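K.L.:
generate a structure from the sequence data that follows.
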Amino acid sequence: MGRTGLTQKQETFCLKYFELGNATQAAKLARYSPRTAAFIGSENLKKPLIVARLAELRKKAEDASVMSVL
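P.N.:
Numbers count the residues shown, from 1 in each chain. Predicted coordinates for the structure are as follows:
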């Protein structure tokens, strides 16, 4: 587990979900089984550590957007 408490697959899922906005695709790209990707993607979006990581990514993106405007 990394500094965020997430496994590498979960971190990859977060980054891909943030980029694509599609939980099934993000799960597939994070190397979860294609057969269970839809279920895993949905379940991941309910996990507190993943929800927190996605909020952190959103905040960083907002901060970067504000800084580029300034």
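
K.L.:
neighbours around the residue lying closest to S33 once chain neighbours are set aside, how many?
P.N.:
Closest residue to S33 apart from its sequence neighbours, by CB to CB, 6 or more residues apart in numbering: I40 at 7.7 Å. Bear in mind the C-beta positions are built from the backbone N, C-alpha and C, glycine included. Counted by other CB atoms under 10 Å, the residues lying close to I40 total 21.

K.L.:
residues contacting I40?
P.N.:
27, 32-33 (CB atoms under 8 Å, 6 or more residues apart in numbering).

K.L.:
list buried residues within those.
P.N.:
Among those, those classed as buried by 16 or more other CB atoms under 10 Å are 27, 32.

K.L.:
among the contacts of I40, which are in helices?
P.N.:
Of the contacts of I40, the ones assigned to helices by DSSP state H are A27.

K.L.:
so how far is S42 from the closest residue to P34 other than its chain neighbours?
P.N.:
In this structure, P34 finds its nearest non-sequential neighbour in K28, 5.6 Å apart by CB to CB, 6+ apart. Distance of K28 to S42, given as CB to CB, to the nearest Å: 13 Å.

K.L.:
those two: which is more packed in?
P.N.:
K28 (19 against 12).

K.L.:
any regions of this structure where pLDDT drops low?
P.N.:
Low-confidence segments of the chain (pLDDT under 70): 1-3, 64-70.

K.L.:
can you do 90?
P.N.:
For the chain, the stretches with pLDDT under 90 are 1-4, 60-70.

K.L.:
go ahead and flag the most central residue of it.
P.N.:
Nearest to the mean C-alpha position of the chain, by CA atoms, centre = their mean, lies C14 at 1.2 Å.

K.L.:
what helix or strand is that residue on?
P.N.:
Secondary structure assignment for C14, by DSSP states H and E: helix 8-20.

K.L.:
against which helices or strands is that helix packed?
P.N.:
helix 23-29, helix 37-44, helix 48-69 (3 or more CB pairs under 8 Å, 6 or more residues apart in numbering; DSSP states H and E).
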